[in-house]
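Student: Could you look at this predicted model? Sequence included:
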Amino acid sequence: MAWFRKKDQPQEPGTEKRVKIPEGLWVKCNHCREIIYKKELERNGKVCPKCDYHFPIDCAERLALLVDDGSFTERDRGLAPLDPLAFRDTKKYQDRLKDTQERTGLRDAMVMGDARVDGMPVVLAVLQFGFMGGSMGSVVGEKLLRAVERAIDVNAPLIVVTSSGGARMQEGILSLMQMAKTSAAIGRLKARGLPYISLLTDPTYGGVTASFAMLGDLILAEPKALIGFAGPRVIEQTIKQKLPEGFQRAEFLLRHGMVDLIVERKRQREIIRRFIAWSASGSAAEPAAAGRTSG
Amino acid sequence: MSNYLEFEQPLAELDQRIHNLKDQSRHDTKAAEEVKRLQKKIYQLQQEIYHRLTPWQRTLIARHQDRPGTADYITGLLRDFTELHGDRLYGDDPAILGGIGWFDQQAVMVIGHHKGKTVKERVQRNFGMPHPEGYRKALRLMQLAEQFHHPILTFIDTPGAYPGVGAEERGQSEAIARNLLVMSSLRTPIITVVIGEGGSGGALALGVGDRVLMLEHAVYSVISPEGCAAILWNDSAKAKEAADAMKMTAPDLLRLGVIDEVVSEPLGGAHRDAPKMIDAVKQAVAHQLEKLEGSPVDDIVDQRYRKFRRMGVFLEESGSDSSSAHPQNIQE
Ligand SMILES: [Zn+2]
């Protein structure tokens, strides 16, 4: 778990070198390495026209894709990280936070609030990979918990969009405990019979995958997204073998039964709408016992 | 005494000198006096070394090959232990040991990571690094305990989840997440003891307890010091620095509110006097079970949820548009 790279190289989740979208006219695809005309990429919703790879998008673009125009109201914006361990590696955690906050305009890696999908109220939380690799520390854990509590308060479905390197090492054991905290919260949501939709985007790893991300009633993934627990480099070093082609891609997870559906960007809102409508159309039955779907 | 760690070398030397004088000291009073003097010196040196252990030294003690493991605690704590195997889905993971038994008069379920002792057994048990079927076996056994309202005892001792292809194929993320979710609302008491290494999600998957105890020299962290060093320092040789930075020792975790109690170890670590260690764990577990006994199960589940809900340290700045009034959560 917790294998995100330093913030200087936040876009390197896989074995392949990643390419940031430069200011120029042309872009190289992270997945198929083809050179694409930037305008064409934008027109295509930041999806590679050659291989269907879904490029990272920012929060505003994500909102535009998933929820009704202007329906999003951010909540708990004031939650900010502290440095409980006085952590320092090659740089102080406090300095890392300050730099990242200045660069991104965010206090931490999750944006959360109320929104609507096709007029239906939802609570939406989006992890921001640009903020320390979308890593989960105390603030992300608390926000996810509050997203759940908000969904229970307003009796609305919860939608979480993930992209994360895993737990935030700079908060040590407290980051690990966020896995228990967020999973316990999702348990409460399920006990209330409220739907939880998890949308996994590239990349989603470590403590985020091994907690709320994999607990969705509906788990969707973007095409070609890298999703796993241990990072590919760690696995390669452990087993001392080359990893199979397509390992930990969304298609690999689908084949192994770990996600419900791979959905390209333009269909995501419609699939989410269908699931919410479907889940709401039943009679108010007994809420299921939390999470007892396996075993 | 044997199997000294590097920082224990001065002790090893004194020990060797005593050993050399042993035969002679039986009939030579001078040699006998020298042995006495050396023994006193060993005691002083032990006090010096073990009361000033660095986090990295504790990590080495926590990983010591002679350190008592889950199987030793099961033998020492339980009567009529019967091992139960398999997840009913895919296989039986030898890295996790579980089964039924009696703790005094109380029927319990016990589950723990199993590292093994001999080289052969360690390999067979994958050094205590579980695969998904291990977590799923643990979950099955926990739900079995819940069915009959028996308390659950878990022992944590793992370097972490196994980073392999099969583990990913079979969904180790989902398996760990599912354990966290189900444990958090399980309707029976759970007591967890971190006995050695608590490595990341593979440890936490057995760790959502009503009471979490930790042995004095055990360590518990989000990632191994080597892993942390490799990522943040780009150099796994910086493991000592990473162990310092991560605050992974029992006193640290007590201060951070992550564990409830530290169980003292015999001087020099659990492996220097395993029977004494096992007895101390038995007393601590008995005490905690006694405290939970008689609590309504609804209260137990509710308090467990609150306990994990509180975890984390953050600030809530003004200008927040939140309408919910949660207190700041900064622990001293
Ligand atoms: Zn492409």
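Tutor: Perfect, I can see it now. Residues are numbered from 1 along each chain as shown, chains lettered A, B, ... in the order given.
Student: Quick check, pLDDT for the residue nearest the centre of chain A.
Tutor: Chain A has A:Thr162 as the residue nearest its centroid, 0.5 Å off, counting by C-alpha atoms, centre = their mean. As summarised for this prediction, A:Thr162 has a pLDDT of 98.
Student: In the chain, where is pLDDT below threshold?
Tutor: If you meant another chain, say so; for now it's chain A. A:1-23, A:283-295 (pLDDT under 70).
Student: wrong one, chain B
Tutor: In chain B, residues with pLDDT under 70: B:1-2, B:319-332.
Student: can you pull out the helices in it?
Tutor: Assigned by DSSP state H, the helices in chain B fall at B:9-25, B:29-50, B:55-62, B:70-77, B:119-124, B:132-147, B:165-169, B:172-184, B:200-204, B:225-228, B:239-246, B:250-255, B:274-292, B:297-309.
Student: repeat for chain A
Tutor: Using DSSP H, the helices found in chain A span residues A:38-43, A:59-66, A:93-104, A:138-154, A:172-191, A:206-209, A:232-239, A:250-255, A:265-280.
Student: Quick one, which of those gets closest to B:Ile18.
Tutor: Of all those, the one in closest proximity to B:Ile18, counting by C-beta to C-beta, is helix A:172-191 (40.1 Å). Placement of C-beta: from N, CA and C, glycine included.
Student: domains of chain B?
Tutor: Annotated domains of chain B cover B:6-52, B:59-310 [automatic domain parsing].
Student: Output these as TSV; include the columns distance to A:Tyr53 and mean neighbour count.
Tutor: Shown next, in TSV, are the domains of chain B (distance: least, C-beta to C-beta, whole Å; neighbours: other C-beta atoms under 10 Å in any protein chain shown):
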stretch	distance to A:Tyr53	mean neighbour count
domain B:6-52	49	14
domain B:59-310	20	21
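Student: Kindly reformat those as a markdown table and extend each row with distance to A:Gly172.
Tutor: Formatted as a markdown table, the domains of chain B follow (distance: least, C-beta to C-beta, whole Å):
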| stretch | distance to A:Gly172 |
| --- | --- |
| domain B:6-52 | 22 |
| domain B:59-310 | 4 |
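Student: wait, which of those is closest to chain A?
Tutor: Chain A lies closest to domain B:59-310 among these, at 3.4 Å (C-beta to the nearest C-beta).
Student: can you list the domains of chain B in a markdown table and add distance to chain A?
Tutor: Output for these, formatted as a markdown table (distance: least, C-beta to the nearest C-beta, whole Å):
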| stretch | distance to chain A |
| --- | --- |
| domain B:6-52 | 20 |
| domain B:59-310 | 3 |
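Student: so which of these comes closest to the ion?
Tutor: domain B:59-310 (23.4 Å; C-beta to the ion).
Student: For the residue nearest to B:Ser264 when sequence neighbours are not counted, list the residues it contacts.
Tutor: Once flanking residues are discounted, B:Ser264 sits nearest to B:Glu216: 5.2 Å by C-beta to C-beta, 6 or more residues apart in numbering or on different chains. Counting by C-beta atoms under 8 Å, 6 or more residues apart in numbering or on different chains, B:Glu216 makes contact with B:250, B:262-265.
Student: What does B:Glu216 show for phi and psi?
Tutor: phi -50, psi -40 (degrees, to the nearest 10).
Student: tally of neighbours for A:Thr73?
Tutor: For A:Thr73, the number of neighbouring residues by other C-beta atoms under 10 Å in any protein chain shown comes to 10.
Student: how about stretch A:243-256: buried residues?
Tutor: Using 16 or more other C-beta atoms under 10 Å in any protein chain shown as the test for burial, stretch A:243-256 gives A:247-250, A:252-253.
Student: of these, closest to B:Glu168?
Tutor: A:Gln248 (6.3 Å).
Student: Residue of the stretch 1-150 of chain A nearest chain B, please.
Tutor: A:Gly78 (2.6 Å).
Student: correct me, but that residue touches A:Lys143?
Tutor: No. Counting by C-beta atoms under 8 Å, A:Gly78 stays clear of A:Lys143, with 10.9 Å between them.
Student: Would you mind telling me which of those two has more residues around it?
Tutor: Remark: of A:Gly78 and A:Lys143, A:Lys143 carries more neighbours, 24 against 15, as counted by other C-beta under 10 Å.
Student: Do I have it right that the more buried one meets A:Met112?
Tutor: Yes. Using C-beta under 8 Å, A:Lys143 is in contact with A:Met112, at 5.0 Å.
Student: Now for those two: what residues contact both?
Tutor: A:76, A:125.
Student: ok so, going back, can you redo the helices of chain B as TSV with distance to the ion?
Tutor: Formatted as TSV, those follow (distance: least, C-beta to the ion, whole Å):
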stretch	distance to the ion
helix B:9-25	57
helix B:29-50	58
helix B:55-62	44
helix B:70-77	48
helix B:119-124	42
helix B:132-147	31
helix B:165-169	23
helix B:172-184	26
helix B:200-204	32
helix B:225-228	31
helix B:239-246	37
helix B:250-255	45
helix B:274-292	56
helix B:297-309	41
